[in-house]
Every structure is written in C-alpha cells, then in structure tokens.
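Here's a sequence, model it:
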Amino acid sequence: MKYIPIRNWDKWQSYRKDRPPPPWIKIHRRMMLNPDWVMLTDAQRGQLVAMWMLAADRDGVIPSDPKLIQRMCAMTNCPDLEVFAAAGFITIDANLTPTRRQSDAPEAEAEAEAEAEAEAEADRAVKTTAACRALLGFDEFWKAYPNKVGKGAARTAWKKIKPDAELRARILDAVRQQPKSKRWQDGFIPNPATWLNEERWDDEIETPPPTPNGINWADH
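Next up, the predicted model:
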C-alpha cells in the first residue's frame, strides 16, 4: 500500500519521537485566517480534519486510496485528494510507508500486512459508526417512556428497528401522547421492548370518557 504525507505535519503537531502519538491532534486557531482553509467547503474542512486524525496514528501519512480513506474515516462522500493537494494540505506525489510499520519482512509481504491492517481498521470504524447510528435517539426514548423495565431488551428492539429521523419523531410523539389513553391511565403500560416490537406508536389513543361534571382529566 502506498501512502501520502500531510504537509508540515512535524511542524504543527510536534510529537515527541520517544513517545507514542497522543490520542489528539492540534488545530491552531490561526487556521481560520488561512485562505486555503477558508476556500474549502464545510464538508471538505470536515474531511481534512478526519484525515488529520487518521494521520496521527501513522506518523503524519494517510493511504493514497481515497475510497479506503472514506471507509477508515467513516465519511459520507469520497474525498477529492487533488483539492487538498492543490490547497497545500497534502503532498500527493510522494509514495511513503509509515516508519513505525516497517519491518524486516519482504516489501510485498509488508505491504500486504499493512493493507490487511488498514482494511481491518476500516471495518471496525464502519461497524462502530453503524452501531452508534442504530442507537441514535434511544436514550431520549428511554427517558420519556414511563415503564422503565428491560432496558437491554428495549435497546435490542430499537437497534432492530433502526428508526430514521422521521420515525424517531413519531415514536417520541407517541410516547408523549399515549399517557392520555384509557389503557395507560388504567395501568396497562406495555414493557418498552414490547411496545417497540409491536410498533405500538401507531396505536389510536382511546381517551377516558368525561366525568359527570364534564371534565376529562386526561386533558389536565
């Protein structure tokens, strides 16, 4: 696998060579005044920061394959490396291998090992991102749901549904409205996992009949 360097990495990051790379990178405030940074789109600036974080584990270099970078950084779109090279943030014509990943193995074997490691890391990043997205909104649902039992089963049901933004809004609205129903007021509140598995957010709300004085306490 071939690598390309981040320009001026040692100048701006200045990691100590006798220590492992720290779990952070530096982004200087003066970057806001850098015309090359300003000319990038918001999405490109986000991609650049992601590539910097990727380089932090590789002595300031990143893979030369844009599709692999996209996977490893969990990007929505494939980065245009030519744009970042033209802006002076990467050097696209250099083919480097990180010094910390070199070994005494033959070159072909070392490249195959590095590529396999990068692929495995990319797969882990994709799986972690997917898992986080699958649980998006669950904490808010759990906080709103009145019958807090079986959280693990409820979490599993939520991951199975994988609700998008529109469905999450419907679910949360139903949790806020269904306490007005006669069944919920009578104490028949399903376990949260059951409620999710049976798609009970679509249940019609049957409100209690008015009391003799004409007041429906469900509205209060």
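
Provide the secondary structure category for residue 10.
At residue 10 the chain is in helix, as set by DSSP: H, G, I helix; E, B strand; the rest coil.

any idea how far it is from residue 61?
12 Å (Cβ to Cβ, to the nearest Å). All C-beta spots, glycine's among them, are computed from the backbone N, C-alpha and C.

Can you pick out the residue with more neighbours from those two?
Using other Cβ atoms under 10 Å as the criterion, residue 10 and residue 61 rank with residue 61 on top: 24 against 12.

ok, and the closest non-adjacent residue to that one?
Excluding the flanking residues, the one nearest residue 61 by Cβ to Cβ, 6 or more residues apart in numbering is residue 3, at 4.1 Å.

and the one you found, bridged to which residues?
Per DSSP bridges, the residues bridged to residue 3 are residue 63, residue 96.

For residue 141, give me the pLDDT.
Turning to residue 141, the model gives it a pLDDT of 92.

Cross-check the contact I'm expecting between it and residue 161.
No - counting by Cβ atoms under 8 Å, residue 141 does not reach residue 161; the two are 10.4 Å apart.

So for those two, which sits in the more crowded spot?
residue 141 (20 against 16).

Quickly find the element holding that one.
helix 138-144 (DSSP states H and E).

For residue 147, which residues are in contact?
Applying Cβ atoms under 8 Å, 6 or more residues apart in numbering to residue 147 gives the contacts 189, 190, 191, 192.

how about these in TSV, adding distance to residue 75 and secondary structure?
Formatted as TSV, the contacts of residue 147 follow (distance: Cβ to Cβ, whole Å; DSSP: H, G, I helix; E, B strand; the rest coil):
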residue	distance to residue 75	secondary structure
189	42	coil
190	40	coil
191	39	coil
192	34	helix
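
Spatially, which residue comes closest to residue 168, not counting chain neighbours?
Distance criterion Cβ to Cβ, 6+ apart; nearest residue to residue 168, sequence neighbours excluded, is residue 137 at 4.2 Å.

For that neighbour, give me the backbone phi and psi.
Main-chain dihedrals, residue 137, degrees, to the nearest 10: phi 90, psi -10.

Now do the contacts for it.
158, 163, 168, 171, 172.

For residue 158, see how far away it is.
Residue 137 sits at a distance of 8 Å from residue 158 (criterion: Cβ to Cβ).

And for residue 140?
Distance of residue 140 to residue 158, computed by Cβ to Cβ: 11 Å.

Pick out whichever of those two has more residues nearby.
Neighbour tally, residue 140 and residue 158, criterion other Cβ under 10 Å: the higher count belongs to residue 158, 24 against 13.

May I have the secondary structure class of residue 23?
The local conformation at residue 23, judged by three-state DSSP, is coil.

neighbours around it, how many?
By other Cβ under 10 Å, the residues close to residue 23 number 8.

repeat for residue 176
Based on other Cβ under 10 Å, the number of other residues close to residue 176 is 10.

pretty sure it is touching residue 143, no?
No - look at residue 176 against residue 143 with Cβ under 8 Å: they stay out of range, at 11.5 Å.
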